[in-house]
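# Model the structure of this input:
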Amino acid sequence: MFEFKKIILGTVCYVAVTFPLAFLWHLVFFKGTYEQLGYFSREEPIIAFGFASILMQGFILALIYPFLCHGKSFIGGAITIALVMGIYHWTMHVLSEAAKHSIEPLSLWFSLETTYLGIQFGLAGLLLAFVYRKSNSQVV
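The predicted model follows:
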């Protein structure tokens, strides 16, 4: 069931969409907003840690996709992985950060990060579904 090429391709696709999105969203487009929210506690984030985190996430998602989405259509698989992993990530990132840090206003934090994660996992779900789609020779 493990298809090494698809795991590598899925990981690369996840990183290719997630790293630029995360960088631009958090450190360019909304950097001032995140600073006002009190989210950043470092003067300069450690980009390598963020990249490593995204690389590991991509590998794990590419590894579990065929198990989680086995037998689902292209769209069904994309939606399943996006919802399961997006909600999981939301609970451990957005909700837990709000619990640990003095982020104000929380409504802005929740809306900004929920939108970001919706975009991230929506795109990643589509790419992973594309990587794991059935070819015409497999459909017979």
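
# contacts, neighbours, all on C-alpha from now
Fine.

# can you give me the strands in this protein?
Read by DSSP state E, the chain holds no strands at all.

# Can you get me a residue count around the nearest residue to I79 once chain neighbours are set aside?
In this structure, I79 finds its nearest non-sequential neighbour in G125, 6.5 Å apart by C-alpha to C-alpha, 6 or more residues apart in numbering. As a burial measure, G125 scores 29 neighbours (other C-alpha atoms under 10 Å).

# Let me know the pLDDT of G125.
Looking at G125, its pLDDT stands at 97.

# contacting residues for it?
Going by C-alpha atoms under 8 Å, 6 or more residues apart in numbering, G125 touches G77, A78, I79, T80, I81, A82.

# Check the burial of the fifth one by counting its neighbours.
Meaning I81. 25.

# show me what contacts it?
Y65, L68, C69, F121, G125 are the contacts of I81 under C-alpha under 8 Å, 6+ apart.

# any idea how far it lies from A99?
Using C-alpha to C-alpha, to the nearest Å, one obtains 26 Å as the distance from I81 to A99.

# residues of the longest helix seen in the chain that come out buried?
Longest helix in the chain by number of residues (criterion: DSSP state H): helix 106-131. Buried residues in helix 106-131, counting neighbours by 16 or more other C-alpha atoms under 10 Å, are found at 109-110, 112-114, 116-131.

# And stretch 29-41, by the same measure?
Buried residues in stretch 29-41 (16+ other C-alpha under 10 Å): K31, Y34, L37, Y39.

# for stretch 89-102, same thing?
Those buried within stretch 89-102 under the rule 16+ other C-alpha under 10 Å are W90, V94, A98.

# Give me the contact list for that stretch.
Under the contact criterion C-alpha under 8 Å, 6+ apart, stretch 89-102 has outside partners G38, Y39, L106, W109, F110, E113, T114, L117.

# Now the terminal residues of it, how far apart.
End-to-end distance for stretch 89-102: 20 Å, by C-alpha to C-alpha.

# Contacts only, for Q120.
Contacts of Q120 by C-alpha under 8 Å, 6+ apart are V17, T18, L21.

# what's the burial count for the first one?
Counted with other C-alpha under 10 Å, residues neighbouring V17 total 16.

# quick one: it and F121 touch, right?
No. The criterion here is C-alpha atoms under 8 Å, and V17 misses it with F121 at 9.5 Å.
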